[in-house]
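next comes the sequence, and after it the predicted model I'd like to discuss.
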Amino acid sequence: MNPGMSASSLLVFDMDGVLVEVTESYRDTVVATVKHFTGREITNLQIQEYKNRGGFNNDWRLSHQIVTDMGVVTDYPDVVERFKKIFWGNGSDGLILREKWIAEAGLLERLQERYGLAIFTGRMANEVDDTLRRLAPHLLFNPMIRTGDVAKGKPAPDGLIRIAELMPGRTLIYIGDTVDDARTARAAGVRFIGIAARVQPCRDELVRLFREEGATHILESINQLERVL
């Protein structure tokens with residue numbers, strides 16, 4: 001065990017790109033939403049370029065911004081409604097069903113025996129609950145902070161501060177995959193471990209941003225996490 005990480009540590013996970021592969025769910029929903037309003041198809045590279053700017057943790061806001069940048073004027077609630085329709089579908093064809101669990105079998109189960117597990121994500125509560133119910137019903141994440149649970153989302157530190165308040169005496173370690181995650185951790189005074197997949201678009205820039213924000217480790221996948229704990 002790393003001397004800086006003890007049994008009193010609480011591992012706080014972002015979900016998208018860390019626990020769950022979302023290229024075919026959230027990312028493809030952004031693509032489909034933008035295409036609906038603009039008639040143009042954007043790439044995952046373009047989406048990642050926006051993400052690396054920071055301030056686009058919310059994919060509804062990201063979709064609306066891309067549509068606006070493409071010269072199409074539309075109301076934000078209309079973008080949100082279209083996004084939700086694509087993401088959830090009719091219950092059997094929503095893109096949320098394309099999500100895949102990233103952690104290898106046994107990884108989080110082992111970590112759960114040594115550390116507390118928590119979640120801080122920009123997802124809505126129903127999105128969190130649906131995915132965990134389908135993909136990891138046996139794991140206990142406590143607490144879980146989602147959109148609406150705190151006044152300000154990432155990159156504000158509110159979510160991590162709230163978790164620290166709920167779990168006094170625990171040392172938080174945040175694991176995320178965006179610059180907003182890293183900035184959230186830095187603002188909260190929490191150790192940050194960055195996830196930058198080898199196939200990630202703009203990976204070199206993301207790694208540079210993580211280092212600038214003080215990441216203690218940068219991994220290609222959550223499955224390397226035990227090496228640094």
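Right, received. Where do you want to start?

buried set for the top helix by length along the chain?
Assignment by DSSP state H gives helix 76-88 as the longest helix of the chain. Residues 79-80, 82-84, 86-88 are the ones in helix 76-88 that count as buried (16 or more other C-beta atoms under 10 Å). From N, CA and C alone the C-beta is placed, and that goes for glycine too.

any chance of the residues you listed in a markdown table with pLDDT and distance to residue 172 as columns?
Formatted as a markdown table, those follow (pLDDT from 0 to 100; distance: C-beta to C-beta, whole Å):
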| residue | pLDDT | distance to residue 172 |
| --- | --- | --- |
| 79 | 98 | 33 |
| 80 | 97 | 31 |
| 82 | 97 | 36 |
| 83 | 96 | 31 |
| 84 | 95 | 31 |
| 86 | 96 | 34 |
| 87 | 96 | 29 |
| 88 | 95 | 32 |
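
adding distance to residue 109, write these out as CSV.
As requested, the buried residues of helix 76-88 are exported to CSV (distance: C-beta to C-beta, whole Å):
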residue, distance to residue 109
79, 39
80, 36
82, 38
83, 33
84, 33
86, 33
87, 29
88, 29
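
among those, which two are most distant?
79 and 88 (15.0 Å; C-beta to C-beta).

check which helices and strands the longest helix of the chain sits against.
Contact partners of helix 76-88 among helices and strands, from 3 or more C-beta pairs under 8 Å, 6 or more residues apart in numbering; DSSP states H and E: helix 28-38, helix 59-69.

mind giving me the packing neighbours of the last one?
Using 3+ C-beta pairs under 8 Å, 6+ apart as the contact criterion, the neighbours of helix 59-69 among helices and strands are helix 28-38, helix 44-53, helix 76-88.

and this structure, what are its domains?
Under the assignment automatic domain parsing, the domains of the chain span 9-21+99-228, 23-97.

quick check, nearest of the buried residues of helix 76-88 to residue 59?
Using C-beta to C-beta, those come closest to residue 59 at residue 83, 7.0 Å.

need the nearest residue in space to that closest one, chain neighbours excluded.
residue 33 (4.8 Å; C-beta to C-beta, 6 or more residues apart in numbering).

over to residue 190?
Spatially, and ignoring its direct neighbours in sequence, residue 190 is nearest to residue 172 (4.6 Å; C-beta to C-beta, 6+ apart).

quick one: the strands in this protein?
Applying DSSP state E to the chain gives strands spanning 9-13, 20-21, 100-101, 116-120, 144-145, 171-176, 191-195, 217-219.

which strands and helices sit next to the fifth one?
Spelled out, that is strand 144-145. Using 3+ C-beta pairs under 8 Å, 6+ apart: strand 144-145 touches strand 116-120, helix 158-166.

got any ranges where this structure has weak pLDDT?
Residue ranges of the chain with pLDDT under 70: 1-7.

next one: residue 131 from residue 139, what distance?
Residue 131 is 12 Å from residue 139, where distance means C-beta to C-beta, to the nearest Å.

neighbour count for the two, which is higher?
Of the pair residue 131 and residue 139, residue 131 is the one with more neighbours under other C-beta atoms under 10 Å, namely 22 against 16.

show the contacting residues for that one.
Contacts for residue 131 were tallied using C-beta atoms under 8 Å, 6 or more residues apart in numbering; they are 15, 20, 96, 99, 123.

what's the span of stretch 174-194, first residue to last?
Start-to-end span of stretch 174-194 (C-alpha to C-alpha, to the nearest Å) is 8 Å.

now do the buried residues in that stretch.
Neighbour counts over stretch 174-194 (16+ other C-beta under 10 Å) mark 174-188, 190-194 as buried.

now swap in stretch 205-218 and tell me
Neighbour counts over stretch 205-218 (16+ other C-beta under 10 Å) mark 206, 209-210, 213, 215, 217-218 as buried.

having no further points to raise, I will conclude here.
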